[in-house]
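Chemist: Generate coordinates for the sequence data below:
(one chain, ligands or ions: 1)
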Amino acid sequence: MKHVELAAWLEEHKEALIAPGGEGEVSDRALVELVLETARTGRAGRLDAAMRQTARQAVAQEIPLDRVSRQPRRLKEALWKTLKQASLSPAQALVLIEAAEPIFARLSQVAAQAYFEATQQMQDALASEIVRLHTEAERRVMDRTAELTRANIELSKLEQAKTDFISIAAHELKTPLTLIQGYANMLVELDLEANGSSGAAHTLAGIIRGIERLSAIVEDMLDVSVIDTNALSLRIESVSLQQVVGLVVSQNAQHFKDRKLGMQVGDLSGLPRIEADRRRLHQALGQLVNNAIRYTPDGGQVFIEGRVLPGHQPGLEDPVEGGGFVELTLRDTGIGIAPEDRERIFEKFYRVGKSTLHSSGKVKFKGAGPGLGLPIARGLVEAHGGRLWAESPGHDEVNCPGSIFHLVLPVRARPKPGITVTWAELPGQGQEEAE
Ligand code: ADP
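Modeler: Below you'll find the model as predicted:
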């Protein structure tokens with residue numbers, strides 16, 4: 001009966017109990033109505049549902065539990081205040097309090113429980129979203145990795161096909177070329193026997209120049225394929241860099257003269273002899289000098305300098321038993337190299353600018369070849385355990401900023417793994433080789 005009395009009393013005083021509701025709260029009027037209904041019917045179903053709804057909304061809006069429970073607390077306080085002010089006997093007041101107290105206790109309990117349930121649900125949803133995102137990210141990484149692997153396989157297949165093609169083409173070209181060369185030489189001899197009366201000497205000289213040029217290209221193709229397949233072999237001996245540089249310079253003396261280029265070689269006498277393949281070193285240096293001639297306009301300068309490098313060199317392992325490294329630098333006052341081309345010029349068949357602009361002249365200004373010179377030079381230097389790279393402020397055919405090629409070599413031979421090496425007798429191991 002206590003409920004019935006509470007319901008009657010609430011009905012009578014409900015306007016005094018209603019206060020304006022706040023954000024994330026059941027309106028006070030609705031709450032008073034629901035408490036009243038619970039008191040009247042003895043069933044708290046609708047009151048529970050309303051509190052649950054409020055708690056869930058509060059969690060969604062990140063409103064703290066404290067604010068959710070504030071509203072029933074305020075209603076309870078308002079009820080007690082009104083009770084105190086009413087002229088009730090203690091017995092009557094006690095009846096009402098006893099009926100109201102469990103309703104408020106239940107309200108707090110339902111609100112707290114619903115709040116924690118909603119928090120838990122939200123955390124679960126967040127956790128599964130994180131798991132989903134993580135799985136998605138992993139799947140994407142796997143897809144990308146697979147794509148990259150496929151692309152890499154394709155690339156190495158292409159690279160292999162390129163190497164195979166160069167090798168096959170070079171070998172196929174070499175045989176007929178040797179034949180043509182032989183017949184051309186026979187014709188020269190016939191012409192000589194006839195004391196030049198055939199009048200073909202000039203034509204023959206042209207044919208022979210063409211053959212020599214073609215042979216050089218075929219030789220380059222063969223070298224590239226040997227380097228690419230790591231099938232290079234080096235004959236290591238004690239080499240004086242001063243002598244190799246001297247030889248290359250003297251062999252190009254006429255070209256420097258023809259092109260009105262100055263050639264200055266620094267003092268290389270202080271450089272130690274190095275363990276290297278003399279012929280291959282001469283080839284690499286010859287290429288760099290030839291490039292300096294071709295990419296420097298008439299009247300320019302080419303400088304060669306050398307020094308012993310102190311300590312460890314980045315990108316190079318310390319040679320066995322020390323020995324250090326030596327560096328040769330080739331500087332020219334030529335057209336220079338753009339930053340984006342500085343590494344690409346070491347790729348096979350890479351040439352800067354339009355290939356149609358290039359002539360085939362061996363020492364003509366900008367008379368480019370097939371773009372194999374630098375890859376071969378780098379391949380030869382790296383086979384020795386050294387490094388070759390270019391530096392330049394940029395490409396400018398008018399102001400000619402110039403280029404510098406750095407060639408670093410170990411003093412004690414440290415050939416690249418896989419390279420076939422034969423050792424000539426080195427000084428200290430027996431008789432010294434004559435230069
Ligand atoms: P190429 O047969 O075309 O000369 P290389 O491999 O020797 O082939 O050189 C590749 C490219 O690098 C050249 O086409 C040229 O553009 C650039 N290059 C090489 N040496 C120099 C240099 N000393 N100055 C400016 N550019 C150079």
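Chemist: Which strand residues bridge Pro410?
Modeler: Bridge pairing for Pro410 (DSSP bridges) gives the partners Phe325.
Chemist: in the stretch 201-350 of the chain, which spans are strands?
Modeler: 233-239, 262-265, 274-276, 301-309, 325-332 (DSSP state E, counting those that start in this stretch).
Chemist: Which one of these lies nearest to Val421?
Modeler: Of all these, strand 233-239 sits nearest to Val421, with 5.2 Å by C-beta to C-beta. Every C-beta, even on glycine, is put in place using the N, C-alpha and C of the backbone.
Chemist: re earlier: got the strands of the stretch 201-350 of the chain as JSON lines, with distance to the ligand columns?
Modeler: JSON lines is the format used below for the strands of the stretch 201-350 of the chain (distance: least, C-beta to the nearest ligand atom, whole Å):
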{"stretch": "strand 233-239", "distance to the ligand": "21"}
{"stretch": "strand 262-265", "distance to the ligand": "14"}
{"stretch": "strand 274-276", "distance to the ligand": "21"}
{"stretch": "strand 301-309", "distance to the ligand": "9"}
{"stretch": "strand 325-332", "distance to the ligand": "5"}
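Chemist: which of those strands sits most buried?
Modeler: Per residue and on average, the most neighbours among the strands of the stretch 201-350 of the chain fall to strand 274-276, with a mean of 26 (mean count of other C-beta atoms under 10 Å).
Chemist: Mind giving me the packing neighbours of that strand?
Modeler: strand 233-239, strand 403-410 (3 or more C-beta pairs under 8 Å, 6 or more residues apart in numbering; DSSP states H and E).
Chemist: repeat that with 6 Å
Modeler: In this structure, strand 274-276 packs against strand 233-239, with contacts taken as 3 or more C-beta pairs under 6 Å, 6 or more residues apart in numbering; DSSP states H and E.
Chemist: how far is the strand it packs on from where the chain is centred?
Modeler: Relative to its chain's centre, strand 233-239 lies at 36 Å (C-alpha atoms, centre = their mean, to the nearest Å).
Chemist: Kindly report the same for stretch 293-310.
Modeler: With C-alpha atoms, centre = their mean, you get 32 Å for stretch 293-310.
Chemist: Any idea how far apart the tips of it sit?
Modeler: 30 Å (C-alpha to C-alpha, to the nearest Å).
Chemist: what comes into contact with it?
Modeler: Stretch 293-310 has contacts (C-beta atoms under 6 Å, 6 or more residues apart in numbering) with 245, 255, 259-266, 268, 271, 292, 325-335, 363, 365, 367.
Chemist: Show me this structure divided up by domain.
Modeler: 2-136, 231-423 (automatic domain parsing).
Chemist: any chance of those domains in CSV, plus distance to Gly199 and mean pLDDT?
Modeler: Shown next, in CSV, are those (distance: least, C-beta to C-beta, whole Å; pLDDT from 0 to 100):
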stretch, distance to Gly199, mean pLDDT
domain 2-136, 82, 85
domain 231-423, 26, 89
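Chemist: Helices of the stretch 251-400 of the chain, start to end?
Modeler: Along the stretch 251-400 of the chain, the stretches classed as helices by DSSP state H, counting those that start in this stretch are 253-258, 278-294, 373-383.
Chemist: Including distance to Leu155 and mean neighbour count, could the ones you listed go into TSV?
Modeler: Formatted as TSV, the helices of the stretch 251-400 of the chain follow (distance: least, C-beta to C-beta, whole Å; neighbours: other C-beta atoms under 10 Å):
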stretch	distance to Leu155	mean neighbour count
helix 253-258	38	13
helix 278-294	27	22
helix 373-383	17	22
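Chemist: quick one on the thing from earlier: nearest to Glu212, of the domains of the chain?
Modeler: Ranking the domains of the chain by proximity to Glu212 (C-beta to C-beta) places domain 231-423 first, at 9.3 Å.
Chemist: Now do the closest one: distance from first to last residue.
Modeler: First-to-last residue span, domain 231-423, C-alpha to C-alpha: 17 Å.
Chemist: now that domain: how far from the chain's centre is it?
Modeler: With C-alpha atoms, centre = their mean, you get 27 Å for domain 231-423.
Chemist: And for stretch 174-192?
Modeler: 52 Å.
Chemist: got it, and stretch 64-81?
Modeler: With C-alpha atoms, centre = their mean, you get 62 Å for stretch 64-81.
Chemist: Now tell me what touches that stretch from outside.
Modeler: With contacts defined as C-beta under 6 Å, 6+ apart, stretch 64-81 is touched by 17, 25, 31, 55, 58, 104, 107-108, 111, 115.
Chemist: among these, which ones are buried?
Modeler: When those are checked for burial by 16 or more other C-beta atoms under 10 Å, the buried set is 17, 25, 31, 55, 58, 107, 111, 115.
Chemist: Please render the strands of the stretch 201-350 of the chain as JSON lines that adds distance to Trp80 to the earlier fields.
Modeler: JSON lines is the format used below for the strands of the stretch 201-350 of the chain (distance: least, C-beta to C-beta, whole Å):
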{"stretch": "strand 233-239", "distance to Trp80": "102"}
{"stretch": "strand 262-265", "distance to Trp80": "107"}
{"stretch": "strand 274-276", "distance to Trp80": "102"}
{"stretch": "strand 301-309", "distance to Trp80": "93"}
{"stretch": "strand 325-332", "distance to Trp80": "94"}
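Chemist: To what extent is the residue nearest to His282 when sequence neighbours are not counted buried, counted in neighbours?
Modeler: Spatial nearest neighbour of His282, excluding adjacent residues (C-beta to C-beta, 6 or more residues apart in numbering): Val244 at 5.3 Å. Residues lying near Val244 (other C-beta atoms under 10 Å) number 22.
Chemist: roughly how far apart are Val244 and the ligand?
Modeler: 19 Å (C-beta to the nearest ligand atom, to the nearest Å).
Chemist: Return the distance of the lengthiest helix in the chain from the chain's centre.
Modeler: Longest helix of the chain, by residue count under DSSP state H: helix 90-193. How far helix 90-193 lies from its chain's middle: 16 Å, per C-alpha atoms, centre = their mean.
Chemist: how about the residues of the stretch 151-300 of the chain that lie near the ligand?
Modeler: 291-292, 295 (C-beta under 6 Å from any ligand atom).
Chemist: can you list those in a markdown table and add distance to Ala276?
Modeler: Output for those, formatted as a markdown table (distance: C-beta to C-beta, whole Å):
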| residue | distance to Ala276 |
| --- | --- |
| Asn291 | 20 |
| Ala292 | 21 |
| Tyr295 | 26 |
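Chemist: and of those, the nearest to Ile63?
Modeler: Distances from Ile63 to those, taken by C-beta to C-beta, are shortest for Tyr295, at 74.6 Å.
Chemist: Okay, now stretch 226-244: how far is its last residue from its first?
Modeler: Across stretch 226-244, first to last residue, C-alpha to C-alpha, it's 23 Å.
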